[in-house]
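> Structure for this input, please:
(one chain, ligands or ions: 2)
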Amino acid sequence: MTTEFRDVIENLNPSILRFDELRTLQLNLGNKCNQSCTHCHMQAGPTGKKMMPRAIMQKIIDFLRNHPNLCIDITGGCPELNSNFKFFIDNVCELTSRLMVRTNLTVLLEPGLDWAAKWYRERGVVLVASLPCYTKENVDKQRGKSVFEKSIAALRILNELGYGYEEELELNLVYNPGADFLPGPQEQLEADYKRELGEKYGIRFNKLFTITNAPIGRFRQYLEVNGRLEKYQQLLVENFNPDAAENIMCRSLVSVDYRGVLYNCDFNQALRLPIIDSKGIPATIEQLEDILSGNLEIITSEHCFCCTAGAGSSCTGSLVNKPLGV
Ligand code: SF4
Ligand code: SF4
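Ligands and ions are numbered 1, 2, ... in the order given. Below is the predicted model of the structure:
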């Protein structure tokens with residue numbers, strides 16, 4: 001019998017599925033990317049055509065003028081490949097004290113993008129960079145040939161600019177498992193990354209975020225092809241952690257897609273599960289103010305168990321210090 005996420009949460013504490021307070025606005029600028037990683041839940045790649053236009057960006061900027069204390073989390077695809085990226089960041093960075101951009105690192109070495117690293121520095125953008133392992137073998141397997149070498153080269157550029165060294169230039173890395181298992185303890189992995197990247201390559205960074213793979217997108221296809229989907233889903237359910245459930249990120253985050261449609265998170269965006277307005281249609285950025293003043297219920301499905309398994313998972317890493325049983 002399938003275990004429903006909603007039933008489990010309602011038995012624990014039904015108020016968890018009510019939105020609490022907007023603290024992070026996550027903005028997906030499109031699905032174009034210079035990589036095609038095997039675990040990508042957005043199925044992004046070089047042929048991605050979805051691109052947030054300037055008109056939607058302007059609506060987001062208008063919303064932010066009335067909400068200056070939010071954390072802004074920019075993602076994609078590769079946000080740097082949106083042709084209006086500079087316009088958007090220049091406007092947004094004046095309206096927030098914490099602007100995070102998720103970069104895949106290798107894009108910083110692409111022809112015509114050599115301005116990006118220095119430009120980030122000048123604006124004090126917090127960088128959140130994907131690097132799913134500190135070994136070449138694991139990174140290239142998940143993200144493509146030569147990605148590890150290029151990522152190290154990009155990290156060196158960022159370190160030389162002060163990222164990972166100066167307090168106001170935060171550089172965080174993201175780990176996700178190479179297959180269908182849960183991440184190890186975040187603190188321990190961070191120490192391993194710091195030792196390995198420091199000793200072998202002289203790389204420094206601030207924090208490591210461990211993220212559990214959601215069984216959606218390309219990772220779901222991998223699980224299906226290998227007959228492992230059911231087992232992985234079972235692993236997530238069996239490791240349900242009530243402490244992590246109390247802290248799921250969708251209680252304080254709203255995700256916006258390239259068309260301005262609103263979601264409870266990036267995973268719901270990938271699954272096309274939008275926030276629905278009072279007329280029963282997908283809500284958009286123009287309605288965010290109204291949506292927030294209502295009693296917003298979080299839309300869940302079986303993939304939500306990836307946020308509550310073990311130490312929990314969010315776009316900024318684990319949700320509790322220790323997985324159950326540790
Ligand atoms: S995981 Fe990130 S870097 Fe890889 S294809 Fe998806 S958006 Fe691009
Ligand atoms: S997948 Fe999204 S909606 Fe579900 S629990 Fe995680 S953050 Fe919330």
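> Using PDB, list the CA coordinates for the strand or helix carrying Lys150.
Per DSSP states H and E: Lys150 is located in helix 147-160. The C-alpha coordinates for helix 147-160 follow below in PDB (Å, rounded to 0.1, in the frame of the first residue of the first chain):
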ATOM      1  CA  VAL A 147      33.200  18.800 -15.400                       C
ATOM      2  CA  PHE A 148      35.300  18.200 -12.300                       C
ATOM      3  CA  GLU A 149      38.400  19.800 -13.800                       C
ATOM      4  CA  LYS A 150      36.400  22.800 -15.000                       C
ATOM      5  CA  SER A 151      34.700  23.200 -11.600                       C
ATOM      6  CA  ILE A 152      38.000  23.300  -9.900                       C
ATOM      7  CA  ALA A 153      39.300  25.900 -12.300                       C
ATOM      8  CA  ALA A 154      36.200  28.000 -11.700                       C
ATOM      9  CA  LEU A 155      36.500  27.600  -7.900                       C
ATOM     10  CA  ARG A 156      40.100  28.800  -8.200                       C
ATOM     11  CA  ILE A 157      39.000  31.900 -10.000                       C
ATOM     12  CA  LEU A 158      36.400  32.600  -7.300                       C
ATOM     13  CA  ASN A 159      38.900  32.000  -4.500                       C
ATOM     14  CA  GLU A 160      41.300  34.500  -6.200                       C
END
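> and whatever helix or strand comes next after that helix, what other elements does it pack with?
Next helix or strand after helix 147-160 toward the C-terminus (DSSP H and E): strand 171-175. Applying 3 or more Cβ pairs under 8 Å, 6 or more residues apart in numbering; DSSP states H and E, one finds that strand 171-175 contacts strand 126-130, helix 147-160, helix 186-201, strand 208-210. All C-beta atoms are positioned from the backbone trio N, CA, C, and that covers glycine.
> Show me what the first one is packed up against.
To tie it back to what came earlier, the one meant is strand 126-130. strand 98-103, helix 147-160, strand 171-175.
> Just the buried positions in the first one, please.
Using 16 or more other Cβ atoms under 10 Å as the test for burial, strand 98-103 gives Arg98, Leu99, Met100, Val101, Arg102, Thr103.
> and it, what other elements does it pack with?
Contact here means 3+ Cβ pairs under 8 Å, 6+ apart; on that basis strand 98-103 packs against strand 71-75, helix 85-92, helix 116-123, strand 126-130.
> Going by contacts, tell me the helices and strands next to the third one.
Spelled out, that is helix 116-123. Using 3+ Cβ pairs under 8 Å, 6+ apart: helix 116-123 touches helix 85-92, strand 98-103, helix 147-160.
> does the longest one come close to ligand 1?
No - judged by Cβ under 6 Å from any ligand atom, helix 147-160 stays clear of ligand 1, getting no closer than 8.6 Å.
> How about the residues of this structure by ligand 1?
So the chain meets ligand 1 at 33, 35-37, 40, 42, 44-45, 76-78, 104, 130 (Cβ under 6 Å from any ligand atom).
> What backbone torsions are found at Gln26?
With angles defined as degrees, to the nearest 10, Gln26 sits at phi -100, psi 130.
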